[in-house]
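> fold the following for me, if possible:
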Amino acid sequence: MARPSRSVPRSSAKDLAVRALLGLAGGIAVWAVIRWTPETEGLKAVRGILALASLTLPVVLLGGYGALRPRTLALWTLAAAGVSVLGGIGRMGAPVNANVPPVPAAGTLVLACLALIIGHVLVLAREGAGRGNPWPRHFAIAWADGVRAALSVALVGALFGLVVLASNLFELIGFKAVGGFLSRLGVLWPLMGLAFGLGVHFTAGRAELAAGARALGLGLLAWLLPVMVFLVATFLGTLPFTGLKPLWDTGSAAALLIAACIGLIILVNAAVQDETNPAKIPRILRYAARLGGLLMAPLVVIAAVGIFLRIDQHGLSPDRVRALACLLVLAVFAGGHLLAALSRRSWIEAFGKANLTGVLAALVAILFTLSPVGDPDRLSVMDQMRRLASGQVALDRFDFDLLRFDTGELGRTALRELAARPGDAPRDAEIRRAASEALASKTRRAVRVAPPVVIPVGAAPIPADFISSMATIYCDREQPCGAMSLDITDDGKAEVLLQRGIWLEAWTPDSTGWRKLGDLGVPCPVNSKPFLAADVRVAPPRDKVQDVMVGGVRLRLDPELAACPPGGAGG
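Below you'll find the model as predicted:
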């Protein structure tokens, strides 16, 4: 294993004080962001940048102190601040509570943290690097600092639990002021920052911690590689006989294939680790690692076909943009491991180069998706608006809710533009109506991907606009619905009873289309056979009980039955 020179952190009394102060300052910075940053809409990006910087920059400084030269540490901190800016200007996450800083959305936060982790390892590995295969050095630093970070986070968790316990104990004996003081954010966050800094210090230079954890964890994980290789090879071997259609019918084939490729990369690295002599790797693991390198490429190719088919059908979404970025990174990994597996001479060195190239590709892809140019929200909105403007997608299959809920403020701005769309054509009016409904909606609605399958019941016809409405969104070939026109309100106008599985719903027309009156059959499920046979009639209420008004809220009796009839209602 390559032995780092400068990148092993120092551990002395001075370093203890510096790391403690860095951790304390980080906790105070997080508290200050929570306490004093303005919550106005115009300064949302500023809050995101400050929140992300207060959480990440102290960790960057703690990780580099003692392992990097001051000039290198200063440059790396500036670069990390740039990543915090890119992540902070992205879409903000939903506020969890007032006790945590206003961080960006989960996807953006994960990408920013991954970029900082990769950058940390690359910078530390380059400090004092010598000649030869650089991958073992990167591998050793990543594991050593990963274990240090995990132990430091565990110390923070233990301190938090201790503070909560002490606060409750003091409250038991009437000293609520002590418990309230310990629970204050201005006390809790600095204490947690201090605990993290102390954890980083006391694990500095303890290479045996990482070595022991790695030997145990990866040593066990590596023996799953032959099993994984066998399963993936068997899966790929059956595709010529089954074709790809069963994969596409699942709707999640690309995600599963990407997960399988990532699993192969992890297990191959668990088998090889930072070894420089192939002879020291057990023969079965050595052969499995090379075969695993060959199997990555077809997985990536099939996943790419699935993603591009999905994009052709439904356009870009933030998740599909990130999937494309992930796919490009995996293509670099797969290409490198393919060349390494086919290499006759220096397989182990080519293996390290493949990993290092893939890691660099991951860093580039992450920074691109964090930047305004590669913002998944921006790319998705542009593509969806293009598809709608060109008529590439029918209005009843256009996902207005994607713009409303999945693309942040950019998507909502696009919806407002569509709601104010000029034009007197029926299509323009329908776009304005659908965009306005999406803006007013508080919950996501389903999107029709295929014509509904509705079975008319009885002699009365079913209105065509009901069949094409959102009421039948879940009626498909796998679960067709039965529909019957019947006046159940005794107002001379027919409602529609829609039977889907064991549920029976009542719908009525209104000025905006079709409105759901409620569900029938509760608490007993509906037997579909008599319904589809038109054995349906209107009956007077069994229990003549009036509604009850409580504070202006109308409460209706839900009758209690001793037991449901055999086969459900109507059985």
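
> all contacts plus neighbour counts: C-alpha atoms, from now on.
Noted.

> what separates the closest residue in space to A195 that isn't next to it in sequence from P190, distance-wise?
Closest residue to A195 apart from its sequence neighbours, by Cα to Cα, 6 or more residues apart in numbering: V156 at 5.6 Å. Here V156 is placed at a distance of 11 Å from P190 (Cα to Cα, to the nearest Å).

> what pLDDT does D406 get?
On pLDDT, D406 comes in at 85.

> report the contact partners of the residue nearest to it when sequence neighbours are not counted.
Spatial nearest neighbour of D406, chain neighbours left out: P318 (7.2 Å); criterion: Cα to Cα, 6+ apart. Contact analysis of P318 by Cα atoms under 8 Å, 6 or more residues apart in numbering lists P376, D377, L379, S380, D406, T407.

> all strands of the stretch 401-550 of the chain, in order?
For the stretch 401-550 of the chain, the strands defined by DSSP state E, counting those that start in this stretch cover 454-456, 481-486, 495-500, 503-510, 513-520, 548-550.

> how about those strands in a markdown table, adding distance to L185 and mean neighbour count?
Putting these into a markdown table (distance: least, Cα to Cα, whole Å; neighbours: other Cα atoms under 10 Å) gives the following:
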| stretch | distance to L185 | mean neighbour count |
| --- | --- | --- |
| strand 454-456 | 57 | 18 |
| strand 481-486 | 55 | 23 |
| strand 495-500 | 51 | 23 |
| strand 503-510 | 49 | 18 |
| strand 513-520 | 47 | 14 |
| strand 548-550 | 40 | 10 |
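
> can you tell me which of the ones you listed is nearest to A279?
Nearest to A279, of all the strands of the stretch 401-550 of the chain, is strand 495-500, at 63.0 Å by Cα to Cα.

> can you list the strands that that closest one pairs with?
Using DSSP bridges, the strands paired with strand 495-500 are strand 481-486 (antiparallel), strand 503-510 (antiparallel).

> which of those has the lowest mean pLDDT?
Looking at those, the lowest mean pLDDT belongs to strand 503-510 (a mean of 86).

> that one to strand 513-520, inter-axis angle?
Angle of strand 503-510 versus strand 513-520, following axes from the mean of the first three to the mean of the last three Cα atoms, to 10 degrees, is 150 degrees.

> just to revisit the earlier point, select, out of the strands paired with strand 495-500, the one closest to F531.
strand 481-486 (7.8 Å).

> how about that closest one as CSV, C-alpha atoms only?
What follows is strand 481-486, C-alpha atoms only, in CSV (Å, rounded to 0.1, in the frame of the first residue of the first chain):
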residue,chain,number,x,y,z
CYS,A,481,-63.2,-0.3,-14.9
GLY,A,482,-66.9,-0.7,-15.1
ALA,A,483,-69.1,2.5,-15.5
MET,A,484,-72.8,2.9,-15.2
SER,A,485,-75.0,6.0,-15.5
LEU,A,486,-77.5,6.2,-12.6
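
> chain center to that strand: distance?
Its chain's C-alpha centre and that of strand 481-486 lie 39 Å apart, by Cα atoms, centre = their mean, to the nearest Å.

> check what contacts it and list those residues.
By Cα under 8 Å, 6+ apart, strand 481-486 touches 453-458, 460-462, 472, 475, 494-501, 531-532.

> how about stretch 455-464?
Counting by Cα under 8 Å, 6+ apart, P480, C481, G482, A483, M484, S485, V496, F531, L532, A533, A534 sit against stretch 455-464.

> now, which of the contacts of P318 lie within helices?
P376, D377, L379, S380 (DSSP state H).

> top of these by neighbour count?
P376 (26 neighbours; other Cα atoms under 10 Å).

> that older thread, now the contacts of P318 as JSON lines including distance to P240?
Converted to JSON lines, the contacts of P318 look like this (distance: Cα to Cα, whole Å):
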{"residue": "P376", "distance to P240": "35"}
{"residue": "D377", "distance to P240": "37"}
{"residue": "L379", "distance to P240": "35"}
{"residue": "S380", "distance to P240": "34"}
{"residue": "D406", "distance to P240": "37"}
{"residue": "T407", "distance to P240": "39"}
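
> as a markdown table, the ones in helices among the contacts of P318 with distance to V18 and pLDDT would be great.
Shown next, in a markdown table, are the ones in helices among the contacts of P318 (distance: Cα to Cα, whole Å; pLDDT from 0 to 100):
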| residue | distance to V18 | pLDDT |
| --- | --- | --- |
| P376 | 39 | 91 |
| D377 | 41 | 90 |
| L379 | 44 | 93 |
| S380 | 45 | 94 |
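
> quick one: the helices in the stretch 151-300 of the chain?
For the stretch 151-300 of the chain, the helices defined by DSSP state H, counting those that start in this stretch cover 176-182, 185-202, 207-221, 225-242, 245-250, 253-272, 283-314.

> oh, that last question was meant for the stretch 301-450 of the chain, not what I typed.
318-342, 347-370, 376-390, 400-401, 408-419, 426-440.

> quick check: buried residues in the longest one?
Across helix 318-342, burial judged by 16 or more other Cα atoms under 10 Å covers 318, 320-341.

> would T77 count as being in a helix?
Yes: secondary structure of T77 (DSSP: H, G, I helix; E, B strand; the rest coil): part of a helix.

> what residues are up against it?
L57, V60, L61.

> so the last one makes contact with L73?
Yes: under the criterion of Cα atoms under 8 Å, L61 lies in contact with L73, with a separation of 7.4 Å.

> can you pull out the low-pLDDT segments for the stretch 301-450 of the chain?
Counting by pLDDT under 70, the low-confidence segments of the stretch 301-450 of the chain come to 443-450.

> count the neighbours of I284 for me.
For I284, using other Cα under 10 Å, the count is 12.

> just give the nearest non-adjacent residue to it, would you?
I284 sits nearest to P226 (Cα to Cα, 6+ apart), 7.5 Å away.

> any idea how far the one you found lies from D547?
P226 is 67 Å from D547, by Cα to Cα.

> circling back: need the ones in helices among the contacts of P318 in a markdown table with distance to L78, can you?
Shown next, in a markdown table, are these (distance: Cα to Cα, whole Å):
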| residue | distance to L78 |
| --- | --- |
| P376 | 25 |
| D377 | 27 |
| L379 | 28 |
| S380 | 31 |
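
> between those residues, which sits nearest F175?
Among the ones in helices among the contacts of P318, and counting by Cα to Cα, the member closest to F175 is D377, at 50.4 Å.

> is it true that that closest one touches G411?
Yes: if you go by Cα under 8 Å, D377 and G411 touch, sitting 7.4 Å apart.

> L295: which of the contacts of stretch 455-464 is nearest?
P480 (40.7 Å).

> correct me if wrong: that closest one contacts R500.
Yes: using Cα under 8 Å, P480 makes contact with R500 at a distance of 7.0 Å.

> hmm, A323 and A365 touching each other?
No: A365 is beyond contact range of A323, at 10.9 Å (criterion: Cα under 8 Å).

> pLDDT wise, what is the most centrally placed residue in the chain at?
By Cα atoms, centre = their mean, the chain has its centre lying nearest to G107, at 5.9 Å. Per-residue confidence at G107 stands at 76 (pLDDT).
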